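Asks: Everything below, folded, please.
(one chain, ligands or ions: 1)
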Amino acid sequence: MTALQFTGLSGDSRQVDGDTLESFAAGLEGTLARESDDAFAEATSIWNGMITRRPAAVVRAGSTNDVVRTVTFARDNDVELSIRGGGHNIAGLSLSDGGLMLDMSQLRTVTVDAEAKLVRVAAGAILADVDRATQEHGLATTLGFVSATGVAGLTLGGGFGYLTRRFGWTVDDLEEVTIVTADGEVRTASRSEHEDLFWAVRGGGGNFGVATELVYRLHEVGPHITGGLMAWPGNRAEEVLSTFRQVTDSAPRELTLVAVRRNAPPAPWVPQELHGTPIVLVVACHSGTSEQAESDLAPLRALGDPIADLVAVKDYAAHQTLLDATMPKGNHYYWKSEFVPGLSDELLETYHAQFADLAAPANQVTLFHLAGALNEHPEDDGAVGNRDAGFACVAQSMWTPDSPAADANREWVRTAWTALRQFSTGGNYVNFQTDDEPEDRTAESYRGNLARLREVKAAYDPTNLFRVNRNIRR
Ligand SMILES: Cc1cc2nc3c(=O)[nH]c(=O)nc-3n(C[C@H](O)[C@H](O)[C@H](O)COP(=O)(O)OP(=O)(O)OC[C@H]3O[C@@H](n4cnc5c(N)ncnc54)[C@H](O)[C@@H]3O)c2cc1C
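Replies: The predicted structure follows:
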């Protein structure tokens, strides 16, 4: 095997000779892939096409033992290590230039214990793998809105979705993590074992090691829910958002609503003559009875004359894929988020002002309703914090790789975010941070939990081996 040039832990370039690489690869159940291999191309093709970093090599892990070997190899050879789950991180955190990527995506086993209401998930699984397996038993844990997202990356940053109002952050249902730490040890962390490590991984990202398995508590949800989207012309946005606020103020936790203003996509549910024109959307997921859903959604339905009303009784697992097509892999994406406590008049005014004369086809600001169970935990119950969040407010832009509007789109997101930031709780979602966010933003995500996170980091990863992430260090 020929030698490879890697990026070292101090940013310098270092060569690993062919014999060392060969003996490393020979002990793997998975594979070591180089740039010319198909596996390399697959693993390094990630959701946000804007990220162009390229590692020197990829390990496709086939077992926990491969993870131990890879962590040990990276540490002993002073090689920068990145970890890939679902490849969905907006900042492209699974890729480091010249580093070694540990690709977990082949490890996707999901095992449900319906009686104990627990699910054990291998760290390469995507959300769809888990929803599919748990829904066979009418059970679910809180996962996100787009089904190809990696379970591990979502969970380690905190995690939220349609069930957050009922059950809290994803990490509030996390029972146990198996994790390979920088010393190459395989540890089980839970509320009763390595409690400090467990506390830290509940929001602290990939800073503490490589998670190989995660165990979640399950709840009875579905298999049928009432869900879908409703849309109105943009000139009715103020009226719709006002009703959205009224419904979210009093809705039972079974109902989660998401509001979006943007220009209409060329989707089948939008009449052709309205493509590209301003619209306002509300996405609903009601996990109570269909009668309760009808009654809770009545104020939105009473608005009348929608462009589309696709809200219907359907499978929860199908609803979990509703937004997949809106965010296709390979396009370029730029987001900024803040958590806000509620929707004041001033916030909504500022929100609406962002859409005067908006021409971009896919720029939007999304308001995810979160308030409920997550607010009932103390701020230091897990590193995730942000227990005062009522909504996630996310300015988002998407464009095709050949679009000349990249700079204008980024600028629009920054402008909208800057205007809306004054309403923030002071926290933002670490999993929505883009490549250009400064370190301060990570500190802002963790707020009062940062000091303890740094202590746990120093204890478990004193040399900052796990640094290709939203990094926590002293
Ligand atoms: C279209 C889209 C929709 C989204 N919707 C939601 C949503 O509804 N709710 C929500 O909470 N989030 C959502 N997110 C954010 C998402 O949770 C983060 O982007 C997350 O990082 C994706 O995880 P991944 O495994 O796919 O990412 P990857 O890019 O594969 O990994 C990202 C980082 O996570 C860490 N990581 C991943 N796997 C491991 C592991 N096994 N051990 C240790 N560290 C690991 C590493 O630091 C890694 O670099 C969404 C993202 C996208 C792109």
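Asks: The ligand contacts on the chain?
Replies: Residues of the chain lying close to the ligand by Cβ under 6 Å from any ligand atom are 47, 82-90, 93-94, 104, 123, 144-146, 149-150, 152-154, 156-157, 159-161, 205-206, 210-211, 327, 431, 468-469. For every residue, glycine as well, the C-beta is placed using N, CA and C.
Asks: Now intersect those with the helices, please.
Replies: 152-154, 156 (DSSP state H).
Asks: Look up the closest residue to the residue in the stretch 351-474 of the chain positioned nearest to the ligand, ignoring the ones flanking it.
Replies: Going by Cβ to the nearest ligand atom, the ligand is nearest to Asn469 of the stretch 351-474 of the chain, at 3.5 Å. Computed as Cβ to Cβ, 6 or more residues apart in numbering, the closest residue to Asn469 that is not its neighbour in sequence is Gly206, at 4.2 Å.
Asks: so what's the one you found up against?
Replies: 83, 93, 153, 156, 466, 468-469 (Cβ atoms under 8 Å, 6 or more residues apart in numbering).
Asks: Without its sequence neighbours, what residue ends up closest to Val468?
Replies: Nearest residue to Val468 in three dimensions, chain neighbours excluded: Ser82, at 3.9 Å (Cβ to Cβ, 6+ apart).
Asks: what's the neighbour count on the one you found?
Replies: Number of residues near Ser82 (other Cβ atoms under 10 Å) recorded here: 24.
Asks: Pull up the gap between it and Gln433, please.
Replies: Between Ser82 and Gln433 the distance is 16 Å, computed by Cβ to Cβ, to the nearest Å.
Asks: same deal with Asp402?
Replies: Separation of Asp402 from Gln433 (Cβ to Cβ) stands at 26 Å.
Asks: do the same with Ser295
Replies: 39 Å.
Asks: of these two, who's got more company?
Replies: Counted by other Cβ under 10 Å, Ser295 and Gln433 do not tie: Gln433 has more neighbours, with 23 against 13.
Asks: Can you pull up the most central residue in this structure?
Replies: Leu154 (4.2 Å; Cα atoms, centre = their mean).
Asks: Nearest residue to Gly426 in space, ignoring adjacent ones along the chain?
Replies: Arg447 (6.4 Å).
Asks: burial count for that neighbour?
Replies: Neighbour count of Arg447, defined by other Cβ under 10 Å: 16.
Asks: Distance of it relative to Gly385?
Replies: For Arg447, the distance to Gly385 equals 5 Å [Cβ to Cβ].
Asks: joint contacts of those two?
Replies: Counting by Cβ under 8 Å, 6+ apart, the shared contacts of Arg447 and Gly385 are 379, 427.
Asks: Run a quick neighbour tally on the residue in the stretch 251-400 of the chain that the ligand sits nearest to.
Replies: Here the stretch 251-400 of the chain gets closest to the ligand at one residue, Met327, 3.9 Å apart by Cβ to the nearest ligand atom. Neighbourhood size, Met327 [other Cβ under 10 Å]: 18.
Asks: Can you find the helix or strand in this structure with the smallest mean pLDDT?
Replies: Ranking every helix and strand in the chain by mean pLDDT, DSSP states H and E puts helix 439-446 at the bottom, with a mean of 92.
Asks: follow-up on the earlier one: the residue of the stretch 251-400 of the chain closest to the ligand contacts Gly144, correct?
Replies: No - with contacts counted by Cβ atoms under 8 Å, Met327 stays clear of Gly144, the gap being 11.1 Å.
Asks: quick one: the helices in the stretch 251-400 of the chain?
Replies: Chain-ordered helices for the stretch 251-400 of the chain, with DSSP state H, counting those that start in this stretch as the definition, fall at 290-301, 316-319, 345-353.
Asks: buried sites along the last one?
Replies: Neighbour-count burial for helix 345-353, counted by 16 or more other Cβ atoms under 10 Å, picks out 347-348, 350-352.
Asks: and for that helix, what are the contacting residues?
Replies: By Cβ under 8 Å, 6+ apart, helix 345-353 touches 237-238, 241-242, 245, 261, 340, 365, 367, 393, 419-420, 422-423.
Asks: quick one: it to chain centroid distance?
Replies: 26 Å (Cα atoms, centre = their mean, to the nearest Å).
Asks: Only the C-alpha atoms, please, for that helix, written as PDB.
Replies: What follows is helix 345-353, C-alpha atoms only, in PDB (Å, rounded to 0.1, in the frame of the first residue of the first chain):
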ATOM      1  CA  ASP A 345     -46.200  41.400  18.100                       C
ATOM      2  CA  GLU A 346     -42.800  42.900  17.500                       C
ATOM      3  CA  LEU A 347     -41.200  39.600  16.500                       C
ATOM      4  CA  LEU A 348     -44.000  38.900  14.000                       C
ATOM      5  CA  GLU A 349     -43.700  42.400  12.500                       C
ATOM      6  CA  THR A 350     -40.000  41.900  12.100                       C
ATOM      7  CA  TYR A 351     -40.600  38.400  10.600                       C
ATOM      8  CA  HIS A 352     -43.100  39.700   8.000                       C
ATOM      9  CA  ALA A 353     -40.700  42.600   7.100                       C
END
